[in-house]
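Visitor: pasting a predicted model and its sequence here:
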Amino acid sequence: MSPGTVLATSQSAPLHDLLRIMLKKSDNMIADTVFRTIGHARFGVPGTWRAGSDAVRQILRQQAGVDLGNTIIADGSGLSRHNLIAPGDHDAGAAVYRPARYRAQLHLHAAAGGP
């Protein structure tokens, strides 16, 4: 068997369902998988942490006008000790929700103190 041979495939739930679960339950595995998948979809390369990071930075800059500067995004869940954000860049995440088309997604996030 040659390297990269597909052994099996499986169909996941639709992306919007996965994102709803990820945000409500704070599911880190889904977050990391989506992060790497974004890199694969954006650049057509294997879904690596680096590709995910580069894709997220590019998408935020192009579609939301958010420049993350020297911020380092190492994973999709935010759990990596290698994630680094300067205090002055911390509000960049909130800027994503300024455009009206993104504000509609706020209800997907887990409620503070909720299950």
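Guide: Arrived safely.

Visitor: please name the nearest non-neighbouring residue to the most centrally placed residue in the chain.
Guide: When Cα atoms, centre = their mean is applied to the chain, the residue found nearest the centroid is Phe35 (4.2 Å). Closest residue to Phe35 apart from its sequence neighbours, by Cβ to Cβ, 6 or more residues apart in numbering: Gly76 at 2.5 Å. C-beta: built from backbone N, CA, C; applies to glycine.

Visitor: please report the distance of that neighbour from Thr37.
Guide: Using Cβ to Cβ, to the nearest Å, we find Gly76 at a distance of 9 Å from Thr37.

Visitor: any common contacting residues for these two?
Guide: Residues touching both Gly76 and Thr37 (Cβ atoms under 8 Å, 6 or more residues apart in numbering) are Gly52.

Visitor: between those two, which one's more packed in?
Guide: Gly76 (24 against 18; other Cβ atoms under 10 Å).

Visitor: burial check on Asp27, number of neighbours?
Guide: Asp27 has 16 neighbours, counted by other Cβ under 10 Å.
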